[in-house]
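Q: Show me the folded form of this:
(one chain, ligands or ions: 1)
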Amino acid sequence: MLFLARMDVTFPESMSDETKAEFMAREKEYSGNLQRTGKMRDIWRVVGEYSNYSVYDVADNDELHAILSGFPMYPYMKIKVTPLAQHPNAIK
Ligand SMILES: O=C(O)CC1=CCC(=O)O1
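A: Numbering: from 1, shown residues only. Predicted coordinates for the structure are as follows:
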């Protein structure tokens, strides 16, 4: 099953730059592992925002929830998930 997720990240004003850098490093490692295993098919930055769109290829809703809630930045994310289906006009 394919899902599109939009993630908007908001860190607390009080968070130090060092802590933010630690979150970013952990996020990069977690995200890289998902991409290497094919669970995350794609990730794109939203221009001008601390947000991304990412596509997940997972067995079911429960697997997606486990993946999303495992992101180190999860406590600081607002996530909107959209299930995807084949488009009849797609040529690939
Ligand atoms: O958009 C970000 O920088 C946060 C994030 C979520 C998954 C990822 O790889 O980065």
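Q: in the chain, which spans are helices?
A: Ranges of helices in the chain, per DSSP state H, are 17-37, 61-69.
Q: buried ones in the shortest one?
A: To tie it back to what came earlier, the one meant is helix 61-69. Neighbour counts over helix 61-69 (16 or more other Cβ atoms under 10 Å) mark 64, 67-68 as buried. Just so you know, the C-beta spots here come from the backbone N, C-alpha and C atoms, and that holds for glycine as well.
Q: Which strands and helices lie in contact with that helix?
A: Helix 61-69 makes packing contacts with strand 77-84 when contacts are defined by 3 or more Cβ pairs under 8 Å, 6 or more residues apart in numbering; DSSP states H and E.
Q: CA atoms only for the strand it packs on - export them in PDB, please.
A: Provided in PDB are the C-alpha atoms of strand 77-84 (Å, rounded to 0.1, in the frame of the first residue of the first chain):
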ATOM      1  CA  MET A  77       5.700  16.900  13.700                       C
ATOM      2  CA  LYS A  78       2.200  17.600  12.300                       C
ATOM      3  CA  ILE A  79       1.600  14.700   9.800                       C
ATOM      4  CA  LYS A  80      -1.100  14.500   7.200                       C
ATOM      5  CA  VAL A  81      -1.400  11.100   5.500                       C
ATOM      6  CA  THR A  82      -3.100  10.500   2.100                       C
ATOM      7  CA  PRO A  83      -3.600   6.900   0.800                       C
ATOM      8  CA  LEU A  84      -2.700   6.500  -2.800                       C
END
